[in-house]
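Participant: structure, please.
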Amino acid sequence: MKTHKDLDAWKRTMDLVEVVYKCTQGFPSNEIYGLTSQVRRASVSVPSNIAEGAGRKGDKEFIQYLYIALGSLVEVETQLLIAKRLHYIDDIHQISEKI
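Facilitator: Prediction:
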């Protein structure tokens, strides 16, 4: 591996961030500091933690950061399910595939 940018997981989660940002553009304006902000931050933390872990020296540290990224990924999924329940989005199928 050369850098984190060579990892498929990093590339895919970067795509996920784009989808999340586009999806949340339609959320109500009163959610800008609530659910919109939360789901965006959680999605950004996924590739960020993969990158940080890849930048560490040891495999144990890398694995630890992958687990943190996985936790953020589940957080994104949960927040999007909440958005669906609140009728902010109709379908999370496209995003679920990326998750």
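Participant: pull the longest helix from this protein.
Facilitator: helix 59-85 (DSSP state H).
Participant: in that one, which residues are buried?
Facilitator: By 16 or more other CB atoms under 10 Å, the buried positions in helix 59-85 come out as 62, 65-66, 68-69, 72-73, 75-77, 79-80, 83. Just so you know, the C-beta spots here come from the backbone N, C-alpha and C atoms, and that holds for glycine as well.
Participant: ok, now stretch 41-58?
Facilitator: 42-54.
Participant: buried set for the lowest-mean-pLDDT helix or strand in the chain?
Facilitator: None of the helices or strands of the chain scores lower by mean pLDDT, DSSP states H and E than helix 93-98, at a mean of 81. Applying a neighbour-count criterion of 16+ other CB under 10 Å, one finds 95, 98 buried in helix 93-98.
Participant: by contact count, what packs against that helix?
Facilitator: Applying 3 or more CB pairs under 8 Å, 6 or more residues apart in numbering; DSSP states H and E, one finds that helix 93-98 makes contact with helix 8-24, helix 59-85.
Participant: quick one: residues contacting the closest residue in space to Ser43 that isn't next to it in sequence.
Facilitator: Sequence neighbours aside, Val20 is the residue nearest to Ser43 in space, at 4.1 Å (criterion: CB to CB, 6 or more residues apart in numbering). Listed by CB atoms under 8 Å, 6 or more residues apart in numbering, the contact partners of Val20 are 39-40, 43, 76, 80, 95.
Participant: fine by me, thanks again.
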